[in-house]
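Q: Attaching a predicted model along with its sequence, questions to come.
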Amino acid sequence: MELDRTSKVERVLESQELLWGPNSVEVANTLLKLSQLYWIQGHYAEAEVCLARALDSKLQLYGPNNPEVLHLLETIVARSNEQARRAEDGLLGRCYQRDAQKGGNTECGGTPAAGAFEVSFGNYPESTQKSAQQPANMVSFLITESSGERFELPQGSIFIGRDKMNDISLPDDSMAEKSQAMIKKEGDDYWITNQAKASPTMLNSKPVLNKTKLRCGDILTVGVTTIRIG
């Protein structure tokens, strides 16, 4: 039986890894090709893994300031943003469907504010529902797009990174550093500070270079993980 194109590329990748190891130019380029095939087919998780592995290989080969590495980072951010938009469309769609079934008119439309996510991500304790009554521009929680996991923002600081000691731990994200970013409340606002040395923390597709104020609807990218601010 003839193999399809994706299966052929997967076989080539296996052979290249045996011949040259994971951090070779050939393996990195094949990973990019396989990532593109997975993305076209709608296998977004597999595409992200291949892209992250390709980036890791090129980082080892060329260093963080190489144009190919920077282009890959841009690609990862662009794909993460597209997935975030897809997820948002799906969440709002489920929100409207739920309203229709109830025969009610809850406020799920418009901007992707707290109310829309409250409806879409299931039942939370009453204490976590207060954000629905807060002003639309009041930041109060984070949601990881891949898992839908929700994190209420505390009065103090919250740390994000690969290490399990972080408040938001990303152990499966090989592109995130052990301590990647810190979010801290000052007054009524939350501010993010990048703590990574090599892997940039991205906010709305731009690297966080200085302490930056967070706003509802912002998209934070840590490694290859997309986090929506709500």
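A: Thanks, I have it. Residues are numbered from 1 along each chain as shown.

Q: From now on I want contacts and neighbour counts done on CA atoms only, so please keep to that.
A: Fine.

Q: what residues are up against the closest residue to E17 other than its chain neighbours?
A: Leaving aside its sequence neighbours, E17 sits nearest to V27 (C-alpha to C-alpha, 6 or more residues apart in numbering; 6.4 Å). V27 makes contact with L13, Q16, E17, W20, G21, A54, according to C-alpha atoms under 8 Å, 6 or more residues apart in numbering.

Q: Y62: neighbour count?
A: If you count neighbours by other C-alpha atoms under 10 Å, Y62 ends up with 13.

Q: try G156
A: Neighbours of G156 (other C-alpha under 10 Å): 10.

Q: shouldn't it be in contact with M182?
A: No: using C-alpha atoms under 8 Å, G156 is not in contact with M182, being 10.5 Å away.

Q: after the lowest-mean-pLDDT helix or strand in the chain, next one along is what?
A: Here the helix or strand of the chain ranked lowest by mean pLDDT, DSSP states H and E is helix 114-120, holding a mean of 31. Going down the chain from helix 114-120, the next helix or strand is strand 141-144, by DSSP states H and E.

Q: isn't L220 right up against T226?
A: Yes: at 5.8 Å, L220 and T226 qualify as touching, with contact defined as C-alpha under 8 Å.

Q: ok, the two, which is more surrounded?
A: For the pair L220 and T226, the greater number of neighbours falls to L220 (27 against 24), based on other C-alpha under 10 Å.

Q: ok, now which ones touch the more buried one?
A: Applying C-alpha under 8 Å, 6+ apart to L220 gives the contacts T201, M202, L203, N204, T226, I227, R228, I229.

Q: quick one: which of these is nearest L37?
A: T226 (21.3 Å; C-alpha to C-alpha).

Q: Which helix or strand contains R53?
A: Here R53 is assigned to helix 44-62, by DSSP H and E.

Q: got any ranges where this protein has weak pLDDT?
A: Across the chain, the ranges flagged by pLDDT under 70 are 1-3, 82-137.

Q: can you give me the strands in it?
A: 141-144, 150-152, 157-161, 168-169, 181-186, 189-194, 201-203, 206-207, 212-213, 219-222, 225-229 (DSSP state E).

Q: who does the last one pair up with?
A: When you say that, I think you mean strand 225-229. Its sheet considered, strand 225-229 pairs with strand 141-144 (antiparallel), strand 219-222 (antiparallel) by DSSP bridges.

Q: Residues contacting the first one, please?
A: Meaning strand 141-144. The contact list for strand 141-144, computed with C-alpha under 8 Å, 6+ apart, reads E149, R150, F151, E152, L153, T225, T226, I227, R228, I229, G230.

Q: Which of the residues you listed are buried, as a ChimeraX select command?
A: Selection of buried members from the contacts of strand 141-144 for ChimeraX, criterion 16 or more other C-alpha atoms under 10 Å:
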select :150,151,153,225,226,227,228,229,230
